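> predicted model, plus sequence, below.
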Amino acid sequence: MSLELGIFLVVAIVAIASAAFMLLTRNAVHSALFLVVNFACVAFFYLLLNAPFLAMIQITVYAGAIMVLFMFVIMLLGAEKLGSQPAHYRWLAPIGAILTGLFLVIALFVVVQGNVGLLKAAPPNPQLRVVHALPGSPTLDVYMNDTRALASVAYTGATPFGQVLPGDYVLALYPSCTQPAASPCADPIATKAKSVLSKRITLKENTTTTLVLLGDPKAPQFVAVPTDLSTLNDDNTFRLQAVNATPGLATVSLLNINPLKANSTDPNDNHGELPLLSNIAFGQVGTVNTPLPKGSYSLVWARDNDRLAPLSDFVAQGKTSELVILVQETTGSGVALPLTLRATPVPTQEAFGSPQAIGQSLLSTYLLPFELVSLLLLAAMVGAIILTREDVVRRVRRREIVTEGALRINRATSAATTPANPETSGD
């Protein structure tokens, strides 16, 4: 038995005992105090589930504010102690104790035999997106295993990340249909049309991949970019990756230029150029090892002494993953023109305890425990109402038993106050 399971069993016994004493005690103040102990045990369970925020909410709201309200009502109504009349549901307590004992035995057997502490969460499905960085290529549709997964991916466009099942896929690209809506488009799979690119890929669990379409239009290819979307410790930082998609060029480097030092005349100064990534060959991916501070950057690619495709309006937000791609477009006159493409920034995973992370946890991981706790609280409330219910006694006016002498005095008093009869008074 693990230490975590032992602590859970001890706290569970305390929680059950406090709940039982809460229902059985005849003093309402003591019952409320036992309920506070039960709330504290529930908060400890949240801590075991690695949910400290919910544990603090359980203590401050339920064990604090709600119980203060209970105590105020109890003291205001003067209902500290219940009536001494015998209960009409004497069979309920033994049956409840027997059922509780059976439940504990079954739960203990399930916990011990089921190896609950050894269970592991299922790894998340892989996530995939496609970035179109192939100049001169039309808008494309993405097919995975002969099924269209993404439609109308234009040049310089990037699709959002989507979850897929792990496994092997045949990824094929076909030109998007440009016919009017009135004319149905032919299915490229049924017509066995020639694809722009077809490649077999393997997607594993718990991976996030960006597929960049690059190269020459006559010989396109995919580059798989592992994208790190894990939580950033500093909310004011971002991650940066770069891809060289220019066939025929030598290796390039990515620089960040400080405008304040760009025109420096100091021969020992690097003119404000800070290397971010170095020696990125065609089809390769460069990743900045440490997160960068968010803000404005002036990026430029360097090939030997040449500076290519500057990107001076690069403004990075915190908690994002950025991807820049160096492509080479051909103008109408046949001149190759380097250009920097910036894929849509992707937000990283939220840190534990943030409002977004709490919302996701409440609607996924903790939804079932919350529902179970609510049902248990409802059952406990109904049981408390039944056990502490006072029988409604009809108030009947009691007739007082008086002596014969008292009756004569009452009759004489009533006769003296009765007015005389006029007919008899005249005789």
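Cool, the structure landed. Numbers count the residues shown, from 1 in each chain.
> from here on, contacts and neighbour counts on C-alpha atoms
OK.
> how much space separates residue 249 from residue 98?
Distance of residue 249 to residue 98, given as C-alpha to C-alpha, to the nearest Å: 81 Å.
> tell me what the closest residue to residue 155 other than its chain neighbours is bridged to.
Nearest non-adjacent residue to residue 155, counting by C-alpha to C-alpha, 6 or more residues apart in numbering: residue 132, 5.0 Å away. Note on residue 132: beta-bridge partners by DSSP bridges are residue 213.
> do a quick rundown of the helices in the stretch 1-150 of the chain.
For the stretch 1-150 of the chain, the helices defined by DSSP state H, counting those that start in this stretch occupy 3-24, 28-48, 52-57, 67-77, 92-114.
> buried residues, the first one. List them.
The neighbour-count criterion (16 or more other C-alpha atoms under 10 Å) identifies 5, 8, 11-12, 14-15, 18-23 as the buried residues of helix 3-24.
> for these, which one is nearest residue 329?
For the buried residues of helix 3-24, the residue nearest residue 329 by C-alpha to C-alpha is residue 5; the value is 62.4 Å.
> quick check: domain ranges of this protein?
Domain assignment of the chain by automatic domain parsing yields the ranges 3-120, 123-227, 228-349, 350-381.
> mind showing which ranges of the stretch 51-200 of the chain have poor pLDDT?
78-89, 93, 111, 114-121, 180-183 (pLDDT under 70).
> can you say which of the helices of the stretch 1-150 of the chain is nearest to residue 334?
In terms of C-alpha to C-alpha, the element of the helices of the stretch 1-150 of the chain nearest to residue 334 is helix 52-57, at 61.4 Å.
> export the closest one to CSV, keeping only CA atoms.
Coordinates of each C-alpha in helix 52-57 appear next as CSV, following Å, rounded to 0.1, in the frame of the first residue of the first chain:
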residue,chain,number,x,y,z
PRO,A,52,-4.9,23.5,-4.3
PHE,A,53,-7.2,26.3,-5.6
LEU,A,54,-10.3,24.2,-5.2
ALA,A,55,-9.1,23.1,-1.7
MET,A,56,-8.8,26.7,-0.6
ILE,A,57,-12.2,27.6,-2.1
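> show me which residues of that helix are buried.
Under 16+ other C-alpha under 10 Å, the buried positions of helix 52-57 are 52, 54-56.
> any idea which of those residues is closest to residue 285?
Among those, residue 52 lies closest to residue 285 (C-alpha to C-alpha), at 39.1 Å.
> so who does that closest one touch?
residue 46 (C-alpha atoms under 8 Å, 6 or more residues apart in numbering).
> distance check, it against residue 44.
Look at residue 52 and residue 44: by C-alpha to C-alpha, they are 9 Å apart.
> check residue 285 too.
Distance, residue 285 to residue 44, by C-alpha to C-alpha: 46 Å.
> ditto for residue 140
To residue 44, residue 140 is 54 Å away according to C-alpha to C-alpha.
> farthest-apart pair in the buried residues of helix 3-24, please.
By the measure C-alpha to C-alpha, 5 and 23 form the most distant pair in these, at 27.1 Å.
> how about the strands of the stretch 151-300 of the chain, start to end?
162-163, 167-175, 197-203, 208-216, 219-226, 237-244, 252-257, 273-280, 285-287, 292-293, 295-303 (DSSP state E, counting those that start in this stretch).
> can you mark which positions in the fifth one are buried?
In this case it means strand 219-226. Neighbour-count burial for strand 219-226, counted by 16+ other C-alpha under 10 Å, picks out 221-225.
> partners of it, with directions?
strand 208-216 (antiparallel).
> pLDDT (mean, whole number) over the strand it pairs with?
Across strand 208-216, the average pLDDT comes to 90.
> pLDDT (mean, whole number) over stretch 304-324?
89.
> span of it from start to end?
Termini of stretch 304-324 sit 20 Å apart (C-alpha to C-alpha).
> please point out which parts of that stretch sit buried.
For stretch 304-324, the neighbour count (16+ other C-alpha under 10 Å) marks 308-311, 316-324 as buried.
> about what we covered before: can you pull the contacts of the residue nearest to residue 155?
By C-alpha under 8 Å, 6+ apart, residue 132 lies in contact with 153-158, 212-214.
> look up the closest residue to residue 236, ignoring the ones flanking it.
If the residues on either side of it in the chain are set aside, residue 236 comes closest to residue 318, at 4.6 Å by C-alpha to C-alpha, 6+ apart.
> the one you found reaches residue 291, doesn't it?
No: using C-alpha atoms under 8 Å, residue 318 is not in contact with residue 291; the gap is 9.9 Å.
> shared neighbours, those two?
Common neighbours of residue 318 and residue 291 (C-alpha under 8 Å, 6+ apart) are 237-238.
> you'd agree residue 337 is in a helix?
No: looking at residue 337 with DSSP: H, G, I helix; E, B strand; the rest coil, it is strand, so not inside a helix.
> what about it, how many neighbours?
When neighbours are counted by other C-alpha atoms under 10 Å, residue 337 registers 12.
> ok, it to residue 309 distance?
Counting by C-alpha to C-alpha - residue 337 and residue 309 are separated by 8 Å.
> cool, and residue 236?
Distance of residue 236 to residue 309, given as C-alpha to C-alpha: 27 Å.
> repeat that for residue 6.
Between residue 6 and residue 309 the computed distance is 62 Å (C-alpha to C-alpha).
> same check on residue 316?
Remark: distance between residue 316 and residue 309 (C-alpha to C-alpha) = 18 Å.
> before we move on, what about residue 104?
The spacing between residue 104 and residue 309, counted by C-alpha to C-alpha, is 70 Å.
> doesn't residue 200 make contact with residue 169?
Yes: contact criterion C-alpha under 8 Å: residue 169 and residue 200 qualify, at 5.7 Å.
> more neighbours, the two?
Taking other C-alpha under 10 Å, residue 169 and residue 200 do not tie; residue 169 has more neighbours (16 against 11).
> that's all I had, so thanks and see you.
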